[in-house]
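Peer 1: Quick check, what structure comes out for this input:
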Amino acid sequence: MQNKIQFTKWITLILLFILVVLNVPSFGQTLKAKGINYIPEIEVMFNEGIMYYRKGDFPKAQEFFSLLIKEYPPHQRITISYIMSAKCAYKLGNYREAVSLTDKLIKNYPESHYVSYARFVKGYSLYQLGKFSNSLICFLEVADQSEDKKLVEKAQNFALEIIDNNITLSELKKLKEKVTPGKISAAIITIKMAVKYLNIGKRDQAISLLQNFIKLYPDNPYNSYIQKLLSRKNIPVKSNQIKIGIILPISGEYAEQARGVLAGIRYAQKKYNDTSNVQIDLVVKDSEGDIVKVVKSTRELLHDNEVIAIIGELERDKTVAIVAALNSSNIPLIAPTTSGNGVTSLNNYTFQANTDVETRGARLAEYAIQELGLKTFATLSPTDAYGRQMTDSFTSTVDMLGGTVLVQKWYYPGTEDFGRQLKSIRELGFNMMNKDSLIHYYTWNLTNLQKRRFDEEDIPVTSIDGVFFPCYTDEIQYIAPQFALVNIRAQVLGGEYWYDIHELRKVQQYVDGIIFCSSYFIDETDPDFVKFRNDFRVVMKRTPEVMELYGYDAMSIIVDAVSNHNLTREDIADYLKNLTNFKGIKGTISFNKNNRVNSDIRLLTFKNGRIESIK
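Peer 2: You can find the predicted model right below:
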């Protein structure tokens, strides 16, 4: 082994001697270029780097090439050293470093014939970083400017692949406007735009685009191909099929709920596909409730150019992970179930089909003050994020509308004894009334013994108009009877977790007349719902519950968009931004133009053992 290394060094020195004596310029860098120095020892170091590169020892190879770039004045191997260092960085997965190195070569040595190779390596690196538009630009520049026919062919082929798999029609339109293309790139962009128009059935736009191109570029080498395409009376159109991405925790902690949502989605898909020429295909990703898998699934769907919209996830944090992974891309996301605040604030293409907590709390407060005429309020809420967000929204709206929040009390989720908080609310309300007069009123005809036994809690508190309980369903059985014990005669108000007919009937005597908010209402006597439920059972072999309705309505929005010839990501997004009064099974969906959250809130009341909608 040692002899082999020694032999290699001797060969390198002999080659160096020949170069020096015969004054042979090294390939790839002219010695006559201004500011370029011929340094003999550079050849030894460069060949050492090449040797390590060919062995696959990229870290060691990059050490040599980096040294050639940083430690020496411009020399005969400077530009190829940038290329080789960038290729080492690419091989090591350091794509940003590869981009930086190629940018420096292009900036510092714009006349070098290695500039096209630099752009080629940069294009590959940007592709690995998921920056497909920028990557495409690099390959198109190589195709237009390089004199190396093999490199041009490679760049052209990869550009076509990127357009087919990673660039949407709207992105291609923007690219056409932003970039000043050469002969090859202009033709590639135009032909691919026309094909994408054809794939979504927009034949007239495709033909017009091709005809205009020939007029603008009469000498383009691709014109003969375009003329043949136009001369055919029936331009073939790809089978109309679009994809919708689905991200749900099908095997996670919330697998049962996820499968319900997916069943609703599949039912809406089947109903549409049975009667339409354009077929919708679902690309289902199981996140397993893991954020890392959520992000990975999102990126896979984003890179599939045929996916025009995504539906997902169930929980707020997982949905936010999808939004973050989509970043500034233009693919619309419909969040079917989450009620968390701020989900849509991260980009302009996220739509929340379920109402958020902030909207619910505000709507309930508006109704209490403007419709019921209530003025004073108390709240008892869980200390978690839901409880605080719901309470903050309710109380801030009360303040804004001129009402008064007298007292706010809190408890840890899972609490069963609310006596301390409820007594505190009662005490404040009682102290606001004329205690002496009330005691006299309730005791004037009692005997002295009866007066001594009289309990002030027998006097009802009437100074509080409404009490807001944004509690959870399993807490209703404890809160309702304990609230009745403190004898506060106020309108009971609640959040969406009061929507459980079985729990309400258990405590009916305490909460009859309660008003609560919800994002949906199911009227099981409604003929439309009865038909939907029966048809669903026949097709899906299961009875639709609320999660199925969430999935069905989310998919129905997309179905309606596609039915109205919205077949691209941008078209779907524009449709959703203007969606109002869409009648879903669980309720109306109208996206607020400011935050793209469903603004339709249902106010419900429980009376005589039934839940009814407040018109």
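Peer 1: Look up how far residue 258 lies from residue 289.
Peer 2: Computed as CB to CB, to the nearest Å, the residue 289 to residue 258 distance reads 9 Å. To be clear about C-beta, it is placed using only N, CA and C from the backbone, and glycine gets the same treatment.
Peer 1: Would you map the strands across the stretch 501-615 of the chain?
Peer 2: Under the criterion DSSP state E, counting those that start in this stretch, the stretch 501-615 of the chain contains strands at 515-518, 582-583, 588-589, 602-607, 610-613.
Peer 1: now the second one: mean pLDDT?
Peer 2: Strand 582-583 shows a mean pLDDT of 94 in the predicted model.
Peer 1: Same question for stretch 595-609.
Peer 2: Mean pLDDT, taken over the full extent of stretch 595-609, equals 94.
Peer 1: oh, and call the first residue 183 from now on, that's how I've got it
Peer 2: Let's use 183 as the start, then, which means that last one is stretch 777-791.
Peer 1: Using CSV, list the CA coordinates for that stretch.
Peer 2: Output for stretch 777-791, consisting of C-alpha atoms alone and laid out as CSV, is shown next (Å, rounded to 0.1, in the frame of the first residue of the first chain):
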residue,chain,number,x,y,z
ASN,A,777,-58.7,35.1,8.2
ARG,A,778,-60.3,32.4,6.0
VAL,A,779,-62.0,30.8,9.0
ASN,A,780,-65.6,29.6,8.8
SER,A,781,-67.6,32.3,10.4
ASP,A,782,-70.9,30.4,10.6
ILE,A,783,-71.7,29.7,14.3
ARG,A,784,-74.8,27.8,15.5
LEU,A,785,-76.4,28.8,18.7
LEU,A,786,-78.3,26.0,20.4
THR,A,787,-80.5,25.6,23.4
PHE,A,788,-81.5,22.6,25.5
LYS,A,789,-85.2,22.6,26.4
ASN,A,790,-87.6,19.9,27.5
GLY,A,791,-85.1,17.2,26.8
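Peer 1: Give the buried residues for that stretch.
Peer 2: With burial defined by 16 or more other CB atoms under 10 Å, the residues of stretch 777-791 counted as buried are 777-786, 788.
Peer 1: Serialize these to a markdown table and add fields for distance to residue 269.
Peer 2: Shown next, in a markdown table, are the buried residues of stretch 777-791 (distance: CB to CB, whole Å):
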| residue | distance to residue 269 |
| --- | --- |
| 777 | 47 |
| 778 | 44 |
| 779 | 48 |
| 780 | 51 |
| 781 | 54 |
| 782 | 56 |
| 783 | 58 |
| 784 | 61 |
| 785 | 65 |
| 786 | 65 |
| 788 | 70 |
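Peer 1: sorry, back to before: need the strands of the stretch 683-797 of the chain in CSV (columns: distance to residue 293).
Peer 2: Written out in CSV, the entries for the strands of the stretch 683-797 of the chain read as follows (distance: least, CB to CB, whole Å):
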stretch, distance to residue 293
strand 697-700, 69
strand 764-765, 59
strand 770-771, 59
strand 784-789, 69
strand 792-795, 75
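Peer 1: among these, which is nearest residue 594?
Peer 2: If you check each of the strands of the stretch 683-797 of the chain against residue 594 by CB to CB, strand 697-700 wins as the nearest, at 21.9 Å.
Peer 1: Neighbouring strands of the closest one in the sheet, and parallel or not?
Peer 2: strand 673-676 (parallel), strand 784-789 (antiparallel) (DSSP bridges).
Peer 1: With distance to residue 377 as added columns, please give those strands in TSV.
Peer 2: Output for the strands paired with strand 697-700, formatted as TSV (distance: least, CB to CB, whole Å):
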stretch	distance to residue 377
strand 673-676	55
strand 784-789	46
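Peer 1: And those: which comes nearest residue 602?
Peer 2: Set against residue 602 and scored by CB to CB, the strands paired with strand 697-700 come closest in strand 673-676, at 19.2 Å.
Peer 1: So which bits of that closest one are buried?
Peer 2: Buried residues in strand 673-676, counted by 16+ other CB under 10 Å: 673-676.
Peer 1: Please apply the same query to stretch 469-477.
Peer 2: Along stretch 469-477, the positions that meet the burial threshold by neighbour count (16+ other CB under 10 Å) are 469-471, 473, 475-477.
Peer 1: if I look at the spatially most central residue of the chain, how far off is residue 658?
Peer 2: By CA atoms, centre = their mean, the chain has its centre lying nearest to residue 505, at 2.6 Å. Distance of residue 505 to residue 658, computed by CB to CB: 33 Å.
Peer 1: and if you look at residue 351?
Peer 2: As defined by CB to CB, residue 351 lies at a distance of 51 Å from residue 658.
Peer 1: just residue 694 next, same as before
Peer 2: Residue 694 is 13 Å from residue 658, by CB to CB.
Peer 1: Equivalent analysis for residue 251, please.
Peer 2: From residue 251 over to residue 658 (counting by CB to CB), the distance is 70 Å.
Peer 1: Widest-spaced pair of the buried residues of stretch 777-791?
Peer 2: Using CB to CB, the buried residues of stretch 777-791 reach their maximum pairwise distance at 778 and 788, which is 31.7 Å.
Peer 1: okay, now residue 774: neighbour count?
Peer 2: Applying other CB atoms under 10 Å, we find 17 residues neighbouring residue 774.
Peer 1: hang on, I meant residue 661
Peer 2: Taking other CB under 10 Å as the criterion, the count of residues near residue 661 is 25.
Peer 1: what sits against it?
Peer 2: Contact partners of residue 661, counting by CB atoms under 8 Å, 6 or more residues apart in numbering, are 562, 600, 651, 653.
Peer 1: helix or strand for it, which one?
Peer 2: Assigned by DSSP states H and E, residue 661 belongs to helix 658-667.
Peer 1: List the contacts of the closest residue to residue 479 other than its chain neighbours.
Peer 2: In space, residue 479 comes closest to residue 467 once its chain neighbours are excluded; the distance is 3.6 Å by CB to CB, 6 or more residues apart in numbering. For residue 467, the contact set (CB under 8 Å, 6+ apart) comprises 427-430, 479, 482-483, 494.
Peer 1: Of the residues you listed, keep whichever come out buried.
Peer 2: When these are checked for burial by 16+ other CB under 10 Å, the buried set is 427-430, 479, 483, 494.
Peer 1: Turn those residues into CSV, columns for pLDDT and distance to residue 517.
Peer 2: CSV is the format used below for the buried ones among the contacts of residue 467 (pLDDT from 0 to 100; distance: CB to CB, whole Å):
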residue, pLDDT, distance to residue 517
427, 96, 13
428, 97, 12
429, 97, 10
430, 96, 11
479, 95, 15
483, 92, 15
494, 89, 7
